[in-house]
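J.: Let me see the structure of the following:
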Amino acid sequence: MKKTLRRTAVVAGAAAAAFGLAVGTASAVPSTVWTVTPTGSYTATNSGNIVLTAAIPMTCTSSGASGTMSSATGNPATVATINAINFGTSAAPCTSVLGNVTTVAVTPWTVVAQDYTAATGVTKGYIGNVKANVTAGACKFTVTGKASATYTNSTGILAVSSVSGELAVSSPTNCGSVITTATKPIFKGNYAIKASTGAIPKIVGTNP
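T.: Just a heads-up that it's a prediction; the model follows:
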């Protein structure tokens, strides 16, 4: 009986040591260090049309944003905030088959980095904390979620290209069967980013 207990204790001790080693090794893996230059405020202007498709396409020929960029550590990590973003203007409103479209963003949104390819200078990630109240004709609804995106250092283009299921519709009113809570919106468009200095910001991810 004593031998059995000793064997059990040895096995348990070995298992605990192995578990501790595994945990220690996992926690020792360094997080991605995201270096943003320059940091600070930025502005964004659409390059081409911005399209939100929620059963029907809603197209904006004018869109802009502003916020701040900062270096960060982690994966994923927030490298920028979008403190203000507009879709359309009074002179060039967004349009759809339901009529002109008004989109009021509830900010801040976030720009989250997940993967960096040094050979191309491209960061993959997503726009997070997305929330916007949309009115198209008499139809009103709210869009929430996130939208996949990439940022290219050489061009300064933030390319937003969400996939089905990332964004959701809530509180549709006067939309009939056209837009419902089952609708999966898609948000696509390119934004040219400029720092307050006029420079194109660079985002670089490294694993020290």
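J.: Report the rounded mean pLDDT for the host helix or strand of Thr35.
T.: For Thr35, the host element (DSSP states H and E) is strand 33-37. Regarding strand 33-37, the rounded mean pLDDT is 98.
J.: likewise stretch 108-128?
T.: 98.
J.: what sits up against that stretch?
T.: 32, 34, 67, 69, 72, 75-83, 85, 129-131, 146-154, 158, 160, 166, 187, 202-206 (Cβ atoms under 8 Å, 6 or more residues apart in numbering). Bear in mind the C-beta positions are built from the backbone N, C-alpha and C, glycine included.
J.: go again using 7 Å as the cut-off
T.: Residues outside stretch 108-128 that contact it (Cβ atoms under 7 Å, 6 or more residues apart in numbering): 34, 75-83, 85, 129-130, 146-154, 160, 203-205.
J.: How is the protein partitioned into domains?
T.: Structural domains annotated on the chain: 1-30, 33-206, as defined by automatic domain parsing.
J.: just the ones you listed: most buried one?
T.: Mean neighbour counts were compared across those using mean count of other Cβ atoms under 10 Å; the top stretch is domain 33-206, at a mean of 17.
J.: starting at the chain centroid, how far to it?
T.: Put simply, domain 33-206 sits 7 Å off its chain's centre (Cα atoms, centre = their mean, to the nearest Å).
J.: Straight-line length of stretch 105-121, end to end?
T.: Stretch 105-121 has an end-to-end distance of 29 Å (criterion: Cα to Cα, to the nearest Å).
J.: cool, stretch 186-202 as well?
T.: 27 Å.
J.: swap in stretch 92-99?
T.: 13 Å.
J.: now it: mean pLDDT?
T.: 95.
J.: which residues sit against it?
T.: Counting by Cβ under 7 Å, 6+ apart, residues outside stretch 92-99 touching it are 56-62, 87-88, 100-101, 103, 136-137, 139.
J.: what about the protein, any weak spots by pLDDT?
T.: 1-30 (pLDDT under 70).
J.: Please repeat the previous calculation with a cut-off of 90.
T.: Applying pLDDT under 90 to the chain picks out residues 1-31, 208.
J.: can you give me the helices in it?
T.: 2-27 (DSSP state H).
J.: Just want the most central residue of it.
T.: Geometric centre of the chain, nearest residue: Ile127, 1.7 Å, by Cα atoms, centre = their mean.
J.: what about that residue, distance to Phe187?
T.: 8 Å (Cβ to Cβ, to the nearest Å).
J.: shared neighbours, these two?
T.: Ala147, Val160.
J.: re the thing from before, now, the most widely separated pair of the contacts of stretch 92-99?
T.: Maximum pairwise distance among these (Cβ to Cβ): 21.5 Å, between Ser62 and Cys139.
J.: Confirm for me that Thr39 is in contact with Ser70.
T.: Yes. Counting by Cβ atoms under 7 Å, Thr39 touches Ser70, with 5.0 Å between them.
J.: residues contacting Ala182?
T.: Applying Cβ under 7 Å, 6+ apart, no residues qualify as near Ala182.
J.: What values do phi and psi take at it?
T.: Note on Ala182: backbone dihedrals following degrees, to the nearest 10 are phi -90, psi -10.
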